[in-house]
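Student: sequence and computational prediction follow.
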Amino acid sequence: MMLDTLKTLLAVWGPTGQEGQVAQELQQMLADKADAMRVDVMGNLIVEKKGQPGGKTLMFSAHMDHIGLVVTDIEDTGYLRVTNVGGVSVDSMRCRHVAFGNGVQGVAVCQPTKGETAGMQHLFVDIGAQDRAEALTMVQLGDVCVFAPDCFPVGPHRFASPAMDDRCACALLAELLLQTDAPRNTVVGVFSVQEEVGLRGAATAAYQVAPDIGVAIDVTAWGDTPEVKLPAVKLGAGAAIKFMDRSMIATPCVRDALMAAAEKAGVPYQREILPFGGTDGGAIQHSRGGVPTGTLSIPCRYVHSACETIDMRDMESGLAILKEFVNGEY
Ligand SMILES: [Zn+2]
């Protein structure tokens, strides 16, 4: 079930560059259904389902990594100084519950800024240590913390979690692999690493897979809360099919094939034109001599905060679109 898969993946610790536990969880989930499965040098999990003779190779990418804070210094008082791994804003970090990979928990805090614009230099993490020596028994320089795992319902159709970006897409891709039998085209599901620091895993994965067509699956921003208008995307109105963002102009034939798949599946979808941001699609499209590439997006409010919120109806729409897409004639 989609929701169970989602909840399982949201609970796994996995900051950018340390996605191993997420890959392990997915390997267990998919072991019985995959024709081939491997983890590459970068840490990407690459799962294959063979298609029919004459079919094409379709690569889908969903990133496993999650933004976090890395410890840069430990003060004599025991407080940790940190900087961002990926797109973390100070605003989203004020008095938030954070967790390290070894189980140590703490509170990220922004100190008084005395009139300066708040920056990473104003953030510290309080892990309850009385001094530097005690802190060093709990964490080391270079350790990374993320928003502590959480997942709670918001209204009848929605869930919020700090890891929706991009575990909701990992859940969608996992369900696609689990629910697809004997597709026309070979489906290669890439659960990628290091998206949040520049689409690094997808770049090397796309080179290895050398797909005929690429599709990134990721969250996108929202335009349906007070004073937020762009993109013109709403929660609950279906998955979004991307036209462009800052990393990619979707290849028209792939974009149109995704929309045709939605029509054929009879599910709602939205057109997405995002004036900022990027996805693994940007890296896939640039791979080798170029790969025709599109992106399927799950609308997500409050991206890169502890309360990233999605609508399960958009997940169902996205899954229906991709199930149709893998059987298309290309
Ligand atoms: Zn993402």
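Tutor: Everything's here; your move.
Student: need the residues of this structure near the ion, please.
Tutor: Residues of the chain lying close to the ion by Cβ under 5 Å from the ion are 165-166, 218. All C-beta spots, glycine's among them, are computed from the backbone N, C-alpha and C.
Student: want to throw the residues you listed into TSV with pLDDT and secondary structure?
Tutor: Formatted as TSV, the residues of the chain next to the ion follow (pLDDT from 0 to 100; DSSP: H, G, I helix; E, B strand; the rest coil):
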residue	pLDDT	secondary structure
165	96	helix
166	96	helix
218	98	strand
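Student: quick one: which of those residues is most hemmed in?
Tutor: Scoring those on neighbours with other Cβ atoms under 10 Å, the highest-scoring entry is residue 166 at 31 neighbours.
Student: which residues does that one contact?
Tutor: For residue 166, the contacting residues are 62-66, 195, 217-219, by Cβ atoms under 8 Å, 6 or more residues apart in numbering.
Student: for the nearest residue to it once chain neighbours are set aside, give me phi and psi.
Tutor: The shortest distance from residue 166 to any non-neighbouring residue, by Cβ to Cβ, 6 or more residues apart in numbering, is to residue 63 (4.5 Å). Phi and psi for residue 63, reported as degrees, to the nearest 10, are phi -90, psi 140.
Student: do the same with the one 5 residues further on
Tutor: Dihedral angles phi and psi of residue 68 (degrees, to the nearest 10) take the values phi -160, psi -170.
Student: would you map the strands across the stretch 101-250 of the chain?
Tutor: Ranges of strands within the stretch 101-250 of the chain are 105-110, 123-126, 144-147, 152-154, 158-161, 186-192, 213-220, 239-244, based on DSSP state E, counting those that start in this stretch.
Student: any idea how this protein splits into domains?
Tutor: When the chain is parsed with automatic domain parsing, its domains come out as 2-66+163-325, 68-147.
Student: so the residue nearest to residue 166 sits right up against residue 280, yeah?
Tutor: Yes: using Cβ atoms under 8 Å, residue 63 makes contact with residue 280 at a distance of 6.1 Å.
Student: which residues are in contact with residue 110?
Tutor: 90, 93-95, 118, 122-123.
Student: what do you get for residue 59?
Tutor: Neighbouring residues of residue 59 by Cβ under 8 Å, 6+ apart: 188, 190, 205-206, 209, 211, 213-215, 284, 291.
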